[in-house]
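Asker: Let's see this in three dimensions:
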Amino acid sequence: MAFCLNPDCPHRKEMGYPAEFRQGITHCSDCGSLLTEEIIGKEDIQKTPPRITLTDLHKRVLYTIGFVLLYRVLLLIPAPGIDLQVLGSFFSDEQLNRFVRFLASEPALERFSILALGIMPYISAYIIVEILSLFVPPLKSWRQGGYAGRIRIKEIALFATFLIALVQGYGITIGLEHMMGSAGEKIIRHPGLGFCLVMVLTLTTGAFLTIWIAELITRKGIGHGISVLIFVGYGPRVFSNILQIIFASHETSHSSLEYFLLFVVIVVALTALIVLMEKSYRKIPVRFSNGVETYIPLKLTPAGIIPASGGEFLIGIPITILGFTGMMGYKVSEKLSEALVYGSIWYYIAHVILTFFFYYLFVSFFYDPKEMIAVLKNKRGSIVSPPGEKDEHYIDKSLEFIFPLGALYLIFIVFIPKIAFRFWPFILGGTVLITAVAIILDLMEEVRIRGRGGNLVKVAELHNVPMAGLLKSLFEQKGLPCYLRGYYHRALLYFFGPYIEISILVPEDRIAVAVEVIEKYLDANILTVQYGRVSDV
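Answerer: Numbers count the residues shown, from 1 in each chain. Reported below is the predicted structural model:
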């Protein structure tokens, strides 16, 4: 037996012991050193223990798991001054409606955690600031100012988050002081000004703790932090649904296997359809003056999931108004409320019509052919439309093909679970399923790119989904690996998800090429490397 005794041999550095070769081989295949037939005992071979080396991907996965565990532990810490037994009896009251009982299954509310506000104050604040940026001059200029302007908008959104968290915390505190258990006991042990101050500060701090954990996941882990925390919130809900299937089976004549198989078949089929639709797009050919040809990918789901949520919200407005105005006693209002009740045929018809309406509205708002053409024109590019057809009309025609397809897909995904699981004792939302799959697609793409080795660096930040797709296609032309963090989840929310940016990540040794492409074909204002934030990924 021949051995390589070179201390710098790659095999020895990786495994911790010399490489072994069969008789007759004279040189090491790893380092080329001359081999020796000197006998080495097992105790010598195993003297240096194997060294465990972690790649950047391994470290990021471990960081993500650690931050998620920290988040889950903080969810278990109850807010001060609350009697958890009385709170449990309140949520177990059979007279509570289905939605309140569903909220009770959330870990943050089940124990009324210090993170009870969650990420919602930040999301609400960012949406409000984004809407104001359409009209308020300073915000408007920052919104159009690229990455530097987005940083300032984020600072304003964090300040607005603080104010919203204070208001929501105060409202929840007042509500808790008036809530009672099933036997009439108060949920708050010692109500008063002292409790109010402590609770408001606790909930506000909890909201910023959630934001901090999300930022750590974004910087040190994998995926967009807020998206990861949203996905983590869906996990217990799915597990709870599976348990409820088993419990429900014992109350009927059907076997648990039949219930479980039906649930699995529906979820797998819907997931496969979601993956197919979310990854599909229609190419709009683009040519630049230097001869470079590429394309803008128009997603087949151009309006995301907001049209379905908007339609459902709009259906509930008439009933809410009639209830507040005291008109529920009239026959017309009673018939209207009965017609639009959840699960009725008129509810589904109204929901379909409103979803189509909002879908068309959103596609018209987010996909402006004139804006696309103007962006390309600034960089001496143009749409390659069929002969005799104007560029703007060509894009419009493509959107007219995509719009009904995307709307029907959204309606199908949203309504199938509602119809199939209508009489089952759990909730599986279609929009929840789409969101979960989109977040997983983002995570899988990052794992795939990082798995190739090397460090990824954030070079740019975008909020425009079509332009992000164009940039990726330009990078593909150069053979440059690229990951668009948040691309799939951001595409579901568009205007209502400004807190989810699309970060452009490329290998560290290809930064110069990426910057050159962005400056040449897109907009230098979206670059992050010029502001000294190269390591911020």
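Asker: thought residue 471 was touching residue 461?
Answerer: No - in terms of C-beta atoms under 8 Å, residue 471 does not count as a neighbour of residue 461; the distance is 11.1 Å. For the C-beta atoms, the positions are set from N, CA and C on the backbone; glycine is no exception.
Asker: For the two, list the residues in contact with both.
Answerer: Here residue 471 and residue 461 have residue 504 as joint contacts, going by C-beta atoms under 8 Å, 6 or more residues apart in numbering.
Asker: Excluding residues flanking it in the chain, which one is nearest residue 125?
Answerer: residue 160 (3.7 Å; C-beta to C-beta, 6 or more residues apart in numbering).
Asker: Which helix or which strand is home to the one you found?
Answerer: Element membership for residue 160 (DSSP states H and E) is helix 146-178.
Asker: so how far is that helix off the chain centroid?
Answerer: Put simply, helix 146-178 sits 20 Å off its chain's centre (C-alpha atoms, centre = their mean, to the nearest Å).
Asker: Give the next helix or strand downstream of that helix.
Answerer: helix 193-220.
Asker: residue ranges of the strands in the stretch 401-537 of the chain, please?
Answerer: Taking DSSP state E, counting those that start in this stretch as the criterion, the stretch 401-537 of the chain carries its strands at 456-462, 483-485, 502-507.
Asker: May I have the strands that pair with the last one, each with its orientation?
Answerer: Taking DSSP bridges as the criterion, strand 502-507 pairs within the sheet with strand 456-462 (antiparallel), strand 483-485 (antiparallel).
Asker: Please list the outside residues in contact with that strand.
Answerer: 224, 446, 449, 454-465, 468, 471, 475, 480-487, 490, 513-514, 518, 526, 537.
Asker: And the average pLDDT for it is what?
Answerer: Averaged across strand 502-507, pLDDT comes to 92.
Asker: How much space separates the residue nearest the centre of the chain from residue 123?
Answerer: Nearest to the mean C-alpha position of the chain, counting by C-alpha atoms, centre = their mean, stands residue 227 at 3.0 Å. To residue 123, residue 227 is 12 Å away according to C-beta to C-beta, to the nearest Å.
Asker: Where does the prediction get shaky in the stretch 251-400 of the chain?
Answerer: Scanning the stretch 251-400 of the chain with the threshold set as pLDDT under 70 gives 251-257, 259, 319-340, 343.
Asker: Spatially nearest residue to residue 492 (excluding sequence neighbours)?
Answerer: Leaving aside its chain neighbours, residue 492 sits nearest to residue 304 (3.9 Å; criterion: C-beta to C-beta, 6+ apart).
Asker: ok, now residue 309?
Answerer: Nearest residue to residue 309 in three dimensions, chain neighbours excluded: residue 431, at 6.4 Å (C-beta to C-beta, 6+ apart).
Asker: give the contact list for that neighbour.
Answerer: Counting by C-beta under 8 Å, 6+ apart, residue 431 has contacts 305, 308, 309, 413, 414.
Asker: For it, give me the pLDDT.
Answerer: 88.
Asker: Report the mean confidence score over stretch 467-477.
Answerer: 92.
Asker: re earlier: buried subset of the contacts of strand 502-507?
Answerer: Buried subset of those (neighbour count, 16 or more other C-beta atoms under 10 Å): 224, 446, 449, 454, 456-465, 468, 471, 475, 481-487, 490, 513-514, 518, 526, 537.
Asker: Just give the closest residue to residue 435, not the sequence neighbours.
Answerer: residue 492 (6.2 Å).
Asker: hang on, isn't that neighbour packed against residue 302?
Answerer: No - contact criterion C-beta under 8 Å: residue 492 and residue 302 do not qualify, at 10.8 Å.
Asker: Quick check: which element contains the residue nearest to residue 492?
Answerer: Using DSSP H and E, no helix or strand contains residue 304.
Asker: Any idea how many residues pack against the residue nearest to residue 435?
Answerer: Using other C-beta atoms under 10 Å, residue 492 is surrounded by 22 other residues.
Asker: What score does it have for pLDDT?
Answerer: 90.
Asker: Starting from residue 129, give me the distance back to the nearest residue to residue 128 once chain neighbours are set aside.
Answerer: Setting aside the residues directly before and after it, residue 128 is nearest to residue 160 in space (C-beta to C-beta, 6+ apart), at 6.2 Å. Here the criterion is C-beta to C-beta. By it, residue 160 lies 6 Å from residue 129.
Asker: So for those two, which residue has more residues nearby?
Answerer: residue 129 (24 against 19).
Asker: ok so, going back, hmm, the residue nearest to residue 492 is touching residue 491, no?
Answerer: Yes - counting by C-beta under 8 Å, residue 304 does reach residue 491; the two are 6.0 Å apart.
Asker: Those two: who's more crowded?
Answerer: residue 304 (29 against 26).
Asker: Is residue 504 bridged to anything, and to what?
Answerer: residue 460, residue 484.
Asker: Work out for me the element residue 394 sits within.
Answerer: Using DSSP H and E, residue 394 sits within helix 391-420.
Asker: Packing partners of that helix?
Answerer: helix 256-278, strand 281-288, strand 293-299, helix 306-324, helix 345-366, helix 369-378, strand 381-383, helix 430-450 (3 or more C-beta pairs under 8 Å, 6 or more residues apart in numbering; DSSP states H and E).
Asker: So which bits of the third one are buried?
Answerer: Within strand 293-299, the residues that count as buried by 16+ other C-beta under 10 Å are 294, 295, 296, 297, 298, 299.
Asker: How about the last one?
Answerer: In terms of neighbour count (16+ other C-beta under 10 Å), helix 430-450 has its buried residues at 430-443, 445-446, 449-450.
Asker: Residue 286 - nearest residue in space that isn't next to it in sequence?
Answerer: residue 294 (5.2 Å).
Asker: okay but that neighbour is in contact with residue 475, surely?
Answerer: No - counting by C-beta under 8 Å, residue 294 stays clear of residue 475, with 9.6 Å between them.
Asker: Show me how the chain divides into domains.
Answerer: Recorded structural domains for the chain (assignment: automatic domain parsing) are 1-53, 56-221, 454-531.
Asker: Deepest in the core, which of those is it.
Answerer: Most buried of the domains of the chain, by mean neighbour count (mean count of other C-beta atoms under 10 Å): domain 454-531, with a mean of 20.
Asker: can you give me how far that one is from the chain middle?
Answerer: 17 Å.
Asker: same deal with stretch 60-76?
Answerer: For stretch 60-76 - counting by C-alpha atoms, centre = their mean - the centre lies 17 Å from the chain centre.
Asker: Contacts only, for the closest residue in space to residue 310 that isn't next to it in sequence.
Answerer: Leaving aside its chain neighbours, residue 310 sits nearest to residue 358 (4.5 Å; criterion: C-beta to C-beta, 6+ apart). Residue 358 makes contacts with 303, 306, 307, 308, 310, 311, as judged by C-beta under 8 Å, 6+ apart.
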